[in-house]
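Student: the sequence isn't on hand, but the structure is:
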């Protein structure tokens, strides 16, 4: 039986599952191919040997900006085997974000997909990367070598020390027992520049164990991954697969019609990713039944939709659950703490539709008032967290100091309350972020670039409720010259693209006003007023 207390490194978990589920499929792709748990382990060993031949060892900082594919998972497991520090980069990020991440993380290698979905990642990353960063397109395959020459993996507590990038760190390879950073994720949060979030293998395993325990999946289930593996939810989900022993269909893009067809063919029992996925499957199911009224359910084997990343309305819960004929278990986490709370298949409909579940195993949640005192039962306040899945800290020590209370609780910046049944209800956000399709976008970062347009005097960027995206990006501007022709959305987005802003952050709505509403002792822009004004 799996004992999370005995496994502290990702590679130990891979070895455990390869032994227990030898010959059992781990991944199915969209084209009919499959690979077993032990097959993934063996291929990761070959890639690990190839990486060592390139000079990648314990502590080497390796970034990768790759689609959600089996080879991406294999590369990340191989990097875990050699004890490298991984810097996953969302494939949607462009030169501005990528350049910052590579420089701030001091990455020495970066793997890219070459040309993917019509975009040349190799050219972009080479332009964004500084001197000394080796850019490696994987179009021709991952580096491979005979794994016989690999040093034995270090036991828990042995190794994990920082290397110098040339493989001369801890020669034994993996090892996380000393709590060394093994992953650096970047999140926009509330600052203009992305924040580097440091995780260990152990903290990611704790998040995956929390997810696996809540979902109650088994080897008889089939899951799905059509969300970015470079998101922290990617390893979180793969760890849940390794813990529970269930396989998953893996797709590098999410197209609702194609995904549903593949899931139907493979007998997927759990799908999802975020609130946007629930809405997409709901819409696809309605189209499917309209075109084929006697065909039955869109995905007959589906019993669970699961996800997080953005609020889920009770109305969406009811409509999607009834249409798709399955339960919906929604959760709450963030890059700093991949799992905080999660619904379970055993919760009531009221609990599932109105809360984000109970704190997962290993997580503790405390609600505090603005003065730092602990809130009473049912009282709303800031959500603070402790637990084994909590990150080590930010790459910037000053941000770390700001993020934790004096007694060690992480301040999420979200508002919520704990109900008498132990379920968590989120009631708002202290942070100025926009959650679009499950991704946190910094309003400040977008605002700063909008203000650089010569036609803009002032700007405020807000998130507005959106049926498909969760929230859409809306820019509210005042004109630099009221007599000039008004700025158009196309003109603004062209300016932002030229400045290197990723597509996902581009405003989808533009409003022009004479002046922005302001108030309070600091005369701040009242974004609440703007949200009320432009929410349909």
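Tutor: Structure received. Everything quoted here is computed from the prediction, not taken from an experiment. Numbers count the residues shown, from 1 in each chain.

Student: just the helices in the stretch 251-400 of the chain please.
Tutor: Secondary structure of the stretch 251-400 of the chain (DSSP state H, counting those that start in this stretch): helices at 256-266, 275-291, 314-324, 349-354, 397-403.

Student: ok, which of those helices comes nearest residue 93?
Tutor: Distance to residue 93, taken as CB to CB, is lowest for helix 275-291 among these, at 18.5 Å. C-betas here are computed from N, CA, C, even on glycine.

Student: quick one: mean pLDDT over that closest one.
Tutor: Averaged across helix 275-291, pLDDT comes to 94.

Student: residue 489 and residue 474, how far apart?
Tutor: The gap separating residue 489 from residue 474 is 10 Å, by CB to CB, to the nearest Å.

Student: need the overlap of contacts for those two.
Tutor: Residues touching both residue 489 and residue 474 by CB atoms under 8 Å, 6 or more residues apart in numbering: 507, 508, 509, 510.

Student: right, and the third one touches residue 536 too?
Tutor: Meaning residue 509. No: checked against CB atoms under 8 Å, the pair residue 509 and residue 536 is beyond contact range at 10.4 Å.

Student: what about these two, which has more around it?
Tutor: residue 509 (14 against 6; other CB atoms under 10 Å).

Student: which SS state does the nearest residue to that one once chain neighbours are set aside fall under?
Tutor: Computed as CB to CB, 6 or more residues apart in numbering, the closest residue to residue 509 that is not its neighbour in sequence is residue 474, at 4.1 Å. Judged by DSSP: H, G, I helix; E, B strand; the rest coil, the three-state class of residue 474 is strand.

Student: can you tell me the closest non-neighbouring residue to the spatially most central residue of the chain?
Tutor: With distances taken as CA atoms, centre = their mean, the residue of the chain nearest its centroid is residue 231 (2.9 Å). Closest residue in space to residue 231, ignoring its immediate chain neighbours: residue 90 at 6.5 Å, by CB to CB, 6+ apart.

Student: where does the residue nearest to the centre of the chain sit: helix, strand or coil?
Tutor: Under three-state DSSP, the three-state class of residue 231 is coil.

Student: wait, isn't it in contact with residue 91?
Tutor: No: counting by CB under 8 Å, residue 231 stays clear of residue 91, with 10.1 Å between them.

Student: sorry, back to before: now the buried members of the shared contacts of residue 489 and residue 474.
Tutor: Applying 16 or more other CB atoms under 10 Å to the shared contacts of residue 489 and residue 474, the neighbour count classes 507, 510 as buried.

Student: tell me which two of the shared contacts of residue 489 and residue 474 sit farthest apart.
Tutor: It's 508 and 510 that sit farthest apart of the shared contacts of residue 489 and residue 474, by CB to CB, at 8.7 Å.

Student: quickly list what's touching both of these two.
Tutor: Residues touching both residue 508 and residue 510 by CB under 8 Å, 6+ apart: 474, 489.

Student: where does the prediction get shaky in this structure?
Tutor: 1-5, 154-178, 188-192, 520-523 (pLDDT under 70).

Student: domain ranges for it?
Tutor: 4-201, 254-429, 433-534 (automatic domain parsing).

Student: export the ones you listed to TSV and tack on distance to residue 214?
Tutor: Below are these laid out as TSV (distance: least, CB to CB, whole Å):
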stretch	distance to residue 214
domain 4-201	14
domain 254-429	4
domain 433-534	18
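
Student: residue 248 is nearest to which of these?
Tutor: domain 4-201 (6.3 Å).

Student: residue 414 contacts residue 435, doesn't it?
Tutor: No: Residue 414 is not in contact with residue 435 according to CB under 8 Å; the separation is 10.7 Å.

Student: coming back round to it: let's see which of the shared contacts of residue 489 and residue 474 end up in strands.
Tutor: The members of those that map onto strands under DSSP state E are 509, 510.

Student: between the shared contacts of residue 489 and residue 474, which is nearest residue 430?
Tutor: Of all the shared contacts of residue 489 and residue 474, residue 430 sits closest to residue 507, with 23.0 Å by CB to CB.

Student: show the backbone phi and psi for the closest one.
Tutor: Residue 507 has phi and psi values of phi -60, psi 140 when expressed as degrees, to the nearest 10.

Student: for it, give me its contacts.
Tutor: Residues in contact with residue 507 (CB under 8 Å, 6+ apart) are 446, 450, 461, 473, 474, 475, 489, 492, 493, 496.

Student: in TSV, list those along with neighbour count.
Tutor: Shown next, in TSV, are the contacts of residue 507 (neighbours: other CB atoms under 10 Å):
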residue	neighbour count
446	23
450	24
461	26
473	22
474	22
475	27
489	14
492	21
493	17
496	22
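
Student: any idea which of the residues you listed is the one closest to residue 321?
Tutor: Once CB to CB is applied, the member of the contacts of residue 507 that ends up nearest residue 321 is residue 473, at 28.7 Å.

Student: give the contact list for that closest one.
Tutor: Each residue near residue 473 by CB under 8 Å, 6+ apart is listed here: 434, 436, 441, 446, 461, 463, 505, 506, 507, 508, 509.

Student: next one: residue 117
Tutor: Contacts of residue 117 (CB under 8 Å, 6+ apart): residue 253.

Student: distance check, it against residue 67.
Tutor: To residue 67, residue 117 is 8 Å away according to CB to CB.

Student: count the residues that sit near residue 146.
Tutor: 11.

Student: hang on, the earlier thing: any shared contact partners between residue 509 and residue 536?
Tutor: residue 464.

Student: overlap of the contact sets of residue 117 and residue 67?
Tutor: With CB under 8 Å, 6+ apart as the test, residue 117 and residue 67 both reach residue 253.
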